[in-house]
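1. kindly generate the corresponding structure for this input.
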Amino acid sequence: MTRINIEFTLFSAFYSPLISAMSSGFLKAEGLDAEWTVSPPGVSAVKALEEGRADVIQSAPSQAFASLAKGETPTAVHFAQINEMDGFYITGRAADPDFDWKGLEGSEVILFGSGQPLAMFKYACHKAGIDFAKLKVINVGGAEDMDKAFRAGKGQYVQQQGPFPQQLEADGVGHIVAQCGPKIGPVAFSSLAAKREWLQTDMAKAFMRAYTKTRVYMLATPAIEIAKAEKSFFPSIDVDVLARCIASYQQLGCWTRHVEITPQAFEVALDVFEYFGSLKQRYAYDQACTRPPAG
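-> Here you go, the predicted structure:
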C-alpha cells in the first residue's frame, strides 16, 4: 500500500464523493492507503500542500483567485470537481412548505462570515430577488459554532451544509426550508486540487481511477448504503440522518458522473465572485483549473 495524504478545507457529507473514495474501498483497491485531516477553521487546505503535508486537497476553484489577483501562480491547480452545485441549506425554526426567500429580509440569519459560503449565499439572494442588506446577519464562527448557536436559540434561520440541518430536524430544533443550489444553478463550487507536478505521478493516476469509480457509485448506490459505509466519519450523526442528507444531495444534482470541472461551471463561479465584489478581473479557465490526470 502507498500512503496518500488528503486534507479537507471543510468537512461535511457534501464532500461524500471524496469521503466515499475512502470509506467504500476504491482507493485501497488501487493500492492507496488514505490518511485524512481537516484544516483548522479559517485556514485553507492549500497550506497543507505548501508544507508538503497533503498530496490532494478538498478546495474550490475560487481559491485561486486571491493568488491570481496578486499576479502569482497558485500553488494548487483544481483538477476535478466534487460538487457542481452549492450545497448549503437554509434551516428555520418552523416548518414552512411555502417558504419565500423574501421572508429572510428583516430576519436574523446565522451565516458564514466570509469566503465562498458567503459569496454564494449573497449571489443566491440576488438570484432570488431579495436585498441581502435587509437581513440581520449573525456571525459566530465556523460550522460547529453556527450549529451550537442555532441550537442555543440564536437566529431565526441558519446557513449550513448537510448533515447539520438534517440532524437539527431529527432533534426537533429546526426545519429545512430551502436550498441555495437551485437558485444559482451549476457552478464550479468545490474541487479536488493538487500541485501540478503531483498530477504527473502514478499515485495521481491511481487516485483518479478510484475517484472516477466513486462518482459512478455515488449515483448508483442507495443513500442508506453510502451512509452506513461513511458512518465512522460522522460519529455524532445518526445513520438515518446521514442517509437523508446523502439522498438530498443525490437529488440536487451536485454529484454528476463527469469528473472534470467544466469551463461553463467555472464561468458561473466568476459571475458569483464578480457580483460579490472580490473579483476585479475575470480569469481564464486554465489559470485555475486543468483536466484530470489520465488513468
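
2. only C-alpha atoms for contact and neighbour calcs from this point on.
-> OK.

3. in the stretch 101-250 of the chain, which spans are helices?
-> 115-128, 143-151, 164-170, 181-184, 202-220, 223-230, 239-252 (DSSP state H, counting those that start in this stretch).

4. V46 versus P74, what's the distance?
-> Using Cα to Cα, to the nearest Å, we find P74 at a distance of 9 Å from V46.

5. no no, T2
-> Taking Cα to Cα, one finds T2 at 22 Å from V46.

6. swap in H126?
-> Distance from H126 to V46, by Cα to Cα: 30 Å.

7. these two: which has the busier surroundings?
-> Of the pair H126 and V46, V46 is the one with more neighbours under other Cα atoms under 10 Å, namely 28 against 16.

8. doesn't H78 make contact with the more buried one?
-> No: using Cα atoms under 8 Å, V46 is not in contact with H78; the gap is 11.0 Å.

9. which neighbours do the two share?
-> S59 (Cα atoms under 8 Å, 6 or more residues apart in numbering).

10. what sits against S23?
-> 229-230.

11. which residues touch the residue nearest the centre of the chain?
-> With distances taken as Cα atoms, centre = their mean, S190 lies nearest the centre of the chain, 4.9 Å away. Counting by Cα under 8 Å, 6+ apart, S190 touches 58-61, 81-84.

12. ok, and the closest non-adjacent residue to it?
-> Spatial nearest neighbour of S190, chain neighbours left out: A60 (4.2 Å); criterion: Cα to Cα, 6 or more residues apart in numbering.

13. next, work out how far apart that neighbour and W255 are.
-> Taking Cα to Cα, one finds A60 at 15 Å from W255.

14. could you give the number of residues near V109?
-> Neighbours around V109, by other Cα under 10 Å: 23.

15. quick one: pLDDT of it?
-> Model confidence at V109, given as pLDDT, is 98.

16. from G141, how far out is it?
-> 13 Å.

17. and I82, helix, strand or coil?
-> strand (DSSP: H, G, I helix; E, B strand; the rest coil).
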